[in-house]
Structures are given as C-alpha cells and as structure tokens.
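Asks: Coordinates only, no sequence provided:
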C-alpha cells in the first residue's frame, strides 16, 4: 500500500481518519476541507486535478453526496461536482460511501457503506446518538417508556438492545417472520407491519430506520400528540415531515450521527476498512 492518500471533501470522520493515517506515516493531500481548523499537517490542494494527481488512493465523503450531484463538503464553500471527478479517477482506487453508477464504470471503487463490517460497526454510534437525542428531547425517562423501532436491520438490532438495557419497553416492527421470531427471542414485542396502525397510539418515542414513507399522513393521525419521532433513515427519510410540522408532532431527522457523536470511533472504523481493502487486493 502506497504511503500517499488524497482526500476530497467529507465530514469530521474523514478529518479524524486523515489524522490517524498521518500518524501511521502517510502523506495526506486534501481538497474541499479548507474551512476546518484541523488540517494544518496536510497538503492543501486547489483543484480536483491537483489532489488526484498526488496519489492512486482517493478517499471521499461518506455518503459521497446528498443530492446526487455535489460531493458532501461541510468544511468547504466549494461546490465540487461528482461528474468533474470522472476524468481523474481512471487508474485510481476510489473509496467513499453511496458511490453513484456514473463513477463505477471502468474505475476501481469500494463503497464503504456496502461493506457489512463497516455497516455493523457504524450502527453503534448511530444508536448511541439516537438515544442521546431522545434523552435530550423527551421530557420523561427512557426507562419505562414505550418505544417503537421501525425496521429491524443493523441499527434496529443494536438500538433495541441498548434501549432494553436502560429499561425501555421495546417494540420492533418487521415484515419477515424470521425477524419477528428474533424480536420475540430477544425479549422485545414484535409488531408486523400489517397491524402497525393498531399499535401507534401507545408509543412515547418512535425511531425510524426505514428510508421509505412509512409514517405517512394516515399513520401520523394515530400517534400521540406528545410523541417524539426520531428518523434515522437516509434520504428521503420515512416520515411525512410537512404533516408532522403542521400538526405539532415533534420530529427530528437525525442524519450523519456517527460523524457528529463519535467521529474518532467512526474514523477508526474507516481506517480498519481501508487497511482491509488493501490487504486483500
């Protein structure tokens, strides 16, 4: 593995990752991070062409984009377009999250969000961050509260375990009979999607992990007026936010929690995956 890495955009996780790789003896070139106060030890580049010329390993944001056009650059005022990367990536190894098809053709890409190990590890700070938000925003204790988790994937599994550990009454929605059986085995209350409407009025807090419209206008009519809904799903989310706002239903769309609540742990996960990629090449 060469000792030079180029980084384009990204959040605090990427900056912490770069610092870790610097300690491991790598030279780090960056573009699209100039507003950060933590980049003094890196080589700052002024264009995509310049930064990609520095290394055959290019790392970018996780996820790469919010709108499918611009790279996520919270530490830059620059608008870096995904399409502008195309001519500079052939012959390089490109690592990012949710890499669009336009970049996958004839380019060696590793989508970090498709790597199961990273997805599982990343669910831990997501779940912790979600509980932190609930503790800050809900006026009662988590212990003893009725809590619904929509979606029993990686985050749902870890979040359920953490909430049960602090005394919540945990209910989990799922579609598959296999998942419903696991939910029962773990000591949570299973709810099949087909009967979800019958249960919605009993919950104090609802966490959503499903990136499709599951809490639509019809379902939001069943929830408590003082319910707290925390949506952890990526775009487009799973809640009718407009209806919720119009009806004073407290809803928080909590995106990018790993980078906000545990950037160092998240950076360690990224570093582990990057080393694994090059050890297996």
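Replies: Looks like it came in fine. None of the values given here were measured: they were computed from a predicted structure.
Asks: neighbours of residue 14, just the number please.
Replies: 29 (other CB atoms under 10 Å). The C-beta positions use only the backbone N, C-alpha and C, and glycine is treated the same way.
Asks: Where does pLDDT dip in the stretch 1-150 of the chain?
Replies: Of all residues in the stretch 1-150 of the chain, none has pLDDT under 70.
Asks: and with 90 instead?
Replies: Counting by pLDDT under 90, the stretch 1-150 of the chain contains low-confidence residues at 1-2, 40, 66-68, 104-106.
Asks: now the stretch 151-281 of the chain
Replies: Ranges of the stretch 151-281 of the chain meeting pLDDT under 90: 234-236, 255-256, 258-260, 278-281.
Asks: which residues in it form helices?
Replies: Along the stretch 151-281 of the chain, the stretches classed as helices by DSSP state H, counting those that start in this stretch are 154-165, 177-185, 217-220, 241-246, 257-261, 263-279.
Asks: and the third one, what other elements does it pack with?
Replies: Contact partners of helix 217-220 among helices and strands, from 3 or more CB pairs under 8 Å, 6 or more residues apart in numbering; DSSP states H and E: helix 241-246.
Asks: Okay, buried residues for the helix it packs on please.
Replies: Using 16 or more other CB atoms under 10 Å as the test for burial, helix 241-246 gives 241, 243-244.
Asks: dump the residue contacts of residue 223.
Replies: 200-201, 203, 206, 215, 229, 249 (CB atoms under 8 Å, 6 or more residues apart in numbering).
Asks: Including distance to residue 39, could the helices of the stretch 151-281 of the chain go into JSON lines?
Replies: Output for those, formatted as JSON lines (distance: least, CB to CB, whole Å):
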{"stretch": "helix 154-165", "distance to residue 39": "31"}
{"stretch": "helix 177-185", "distance to residue 39": "44"}
{"stretch": "helix 217-220", "distance to residue 39": "43"}
{"stretch": "helix 241-246", "distance to residue 39": "35"}
{"stretch": "helix 257-261", "distance to residue 39": "16"}
{"stretch": "helix 263-279", "distance to residue 39": "14"}
